[in-house]
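1. take a look and give me a structure for this.
(chains A and B)
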2 protein chains.
Amino acid sequence: MRRRRLKRVEVKIKQVSQVPANQVEVAGASGTKIQWLLGSQDEPENFYMRLFELEPGGHTPRHDHPWEHEVFVLSGKGSVLTVEGQLPLARHSVVYVPSKVEHQFRNDGDEMLRFLCLVPKSATY
Amino acid sequence: MRRRRLKRVEVKIKQVSQVPANQVEVAGASGTKIQWLLGSQDEPENFYMRLFELEPGGHTPRHDHPWEHEVFVLSGKGSVLTVEGQLPLARHSVVYVPSKVEHQFRNDGDEMLRFLCLVPKSATY
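-> Got it, this is the predicted structure:
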């Protein structure tokens, strides 16, 4: 009798507070932590969900890469610098950064800037 | 001289308050609105970002489909019902619903339940 392969499917639920926060150590980043809310350990089918926390004055690297970002600002104020200019960010801003477009997220405010940033699984960081 | 095709790339930024909210009219849904924060009009490369708002007692359909959900709860309380049981939701809950797993989101609280729900572009609703 042929053995039937059953895919084990599971709904996952977690709280942000349960997910480790790691300092972003890449060159050009400052005062930035990342939590992989849905990362490779969760084996999502198509994309990853991360939460970034930037302290006042903190920023991500100014860079580009061959994958897009989908961003949702949870709290704080800041900006995203791009080749098209500087765009202000506030609570409940939604940002789409297409692939291959240079960008940098900055906390220009005086409180923490927290945002979700989702990327396709093809992203290499 | 050959004309060079330049892909027009644009960073998009918007506020949640600028995005229309539409009642979810599909069978089995009740008291539920959807905002397509990054939808087909934005031509995202791989996945869509939506925001759901469920009034107290409201719910999405109990159904399954061949694409996954990645969910982040912004505010309120509720639950997600699945074949694996009923899982409580609160502010900053993160949920992964794999493809082909039956599920239903419910507002069990007395305030609005708001959550982001991201789906791959293969999703047909």
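
2. run through chain A and note the low-pLDDT ranges.
-> A:1-8, A:125 (pLDDT under 70).

3. which ones are touching the closest residue to residue A:109 other than its chain neighbours?
-> Nearest non-adjacent residue to residue A:109, counting by Cβ to Cβ, 6 or more residues apart in numbering or on different chains: residue A:77, 3.5 Å away. The C-beta positions use only the backbone N, C-alpha and C, and glycine is treated the same way. Residues near residue A:77 by Cβ atoms under 8 Å, 6 or more residues apart in numbering or on different chains: A:88-91, A:107-109, A:111, A:113.

4. just the buried ones from those residues, in PyMOL syntax?
-> Here is the PyMOL selection string for the buried members of the contacts of residue A:77, based on 16 or more other Cβ atoms under 10 Å in any protein chain shown:
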select buried, chain A and resi 89+107+108+109+113
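
5. right, and the pair among the contacts of residue A:77 with maximum separation?
-> A:88 and A:111 (15.0 Å; Cβ to Cβ).

6. for chain A, what's the longest strand?
-> Of all segments of type strand in chain A, defined using DSSP state E, the longest is strand A:47-59.

7. show me which residues of that one are buried.
-> Residues of strand A:47-59 classed as buried: A:47-54, A:58-59 (neighbour count, 16+ other Cβ under 10 Å).

8. close to chain B, is the helix or strand following that strand?
-> Scanning forward in sequence from strand A:47-59 by DSSP states H and E, the next helix or strand is strand A:69-75. Yes: applying Cβ under 8 Å from any Cβ of the partner chain, one finds strand A:69-75 in contact with chain B at A:70, A:72, A:74.

9. so which of those is surrounded by the most neighbours?
-> residue A:70 (27 neighbours; other Cβ atoms under 10 Å in any protein chain shown).

10. partners of that residue in the sheet?
-> Beta bridges link residue A:70 to residue A:96, residue A:118 when assigned by DSSP bridges.

11. thinking again about what came up before, need the contacts of residue A:77 in JSON lines (columns: secondary structure and distance to residue B:117).
-> Converted to JSON lines, the contacts of residue A:77 look like this (DSSP: H, G, I helix; E, B strand; the rest coil; distance: Cβ to Cβ, whole Å):
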{"residue": "A:88", "secondary structure": "strand", "distance to residue B:117": "26"}
{"residue": "A:89", "secondary structure": "strand", "distance to residue B:117": "22"}
{"residue": "A:90", "secondary structure": "coil", "distance to residue B:117": "22"}
{"residue": "A:91", "secondary structure": "coil", "distance to residue B:117": "19"}
{"residue": "A:107", "secondary structure": "coil", "distance to residue B:117": "27"}
{"residue": "A:108", "secondary structure": "coil", "distance to residue B:117": "30"}
{"residue": "A:109", "secondary structure": "coil", "distance to residue B:117": "28"}
{"residue": "A:111", "secondary structure": "coil", "distance to residue B:117": "27"}
{"residue": "A:113", "secondary structure": "strand", "distance to residue B:117": "23"}
